[in-house]
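Participant: Sequence and predicted structure, then a few things I'm wondering about:
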Amino acid sequence: QVQLVESGGGLVQAGDSLRLSCAASGRTFSKSVLGWFRQAPGKEREFVAAITWSASSTYYVDSVKGRFTISKDNAKNTVSLQMNSLKPSDTAVYYCAVDGGLTGKIRVGNRFYTYWGQGTQVTVSS
């Protein structure tokens with residue numbers, strides 16, 4: 001059983017930084033893709049970033065490119081999302097997720113991600 005536990009959310013001001021972490025357990029992730037999604041009030045859950053466990057390839061949604069960085073720590077089985085230059089529009093609940101397929105390729109659709117964490121709130125004030 002895959003378990004994902006996010007941490008690191010909080011309330012910050014515009015321009016500040018936050019680092020989210022996702023602790024993953026329950027299986028080996030050598031062929032997996034781990035992603036971060038977010039959901040703002042009244043909006044659908046959207047893809048933010050993802051990383052392939054084996055090759056560390058990354059992909060970002062355009063709105064966070066240059067500001068967010070996804071990384072992983074193989075030894076600790078964690079995936080992190082460093083968020084810099086935060087904007088009020090980044091306010092959302094952020095979720096860590098694992099792609100259920102073992103393609104090793106990044107997919108951005110919610111439907112491909114089988115395992116989800118409980119989410120962590122990020123609030124950016126102006």
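Facilitator: In hand now; what should we look at?
Participant: End to end on stretch 79-87, go ahead and measure it.
Facilitator: End-to-end distance for stretch 79-87: 22 Å, by CA to CA, to the nearest Å.
Participant: contacting residues around it?
Facilitator: With contacts defined as CB atoms under 8 Å, 6 or more residues apart in numbering, stretch 79-87 is touched by 12, 14-22, 24, 34, 36, 48-49, 51, 64, 67-73, 90, 94, 96, 122, 124. Using the backbone N, CA and C atoms, a C-beta is placed for each residue, glycine as well.
Participant: repeat for stretch 10-20
Facilitator: Residues beyond stretch 10-20 that count as contacts (CB under 8 Å, 6+ apart) turn out to be 6-9, 36, 80-88, 94, 96, 120-126.
Participant: let's see 10 Å
Facilitator: With contacts defined as CB atoms under 10 Å, 6 or more residues apart in numbering, stretch 10-20 is touched by 6-9, 36, 38, 48, 67-71, 79-91, 94-96, 120-126.
Participant: what's near enough to touch the residue positioned nearest the centre of the chain?
Facilitator: By CA atoms, centre = their mean, the chain has its centre lying nearest to Trp36, at 1.9 Å. Residues counted as contacts of Trp36 (CB under 10 Å, 6+ apart) are 6, 20, 22, 47-51, 60-61, 64, 68, 70, 79-81, 83, 94-97, 117.
Participant: Sweet, I'm off.
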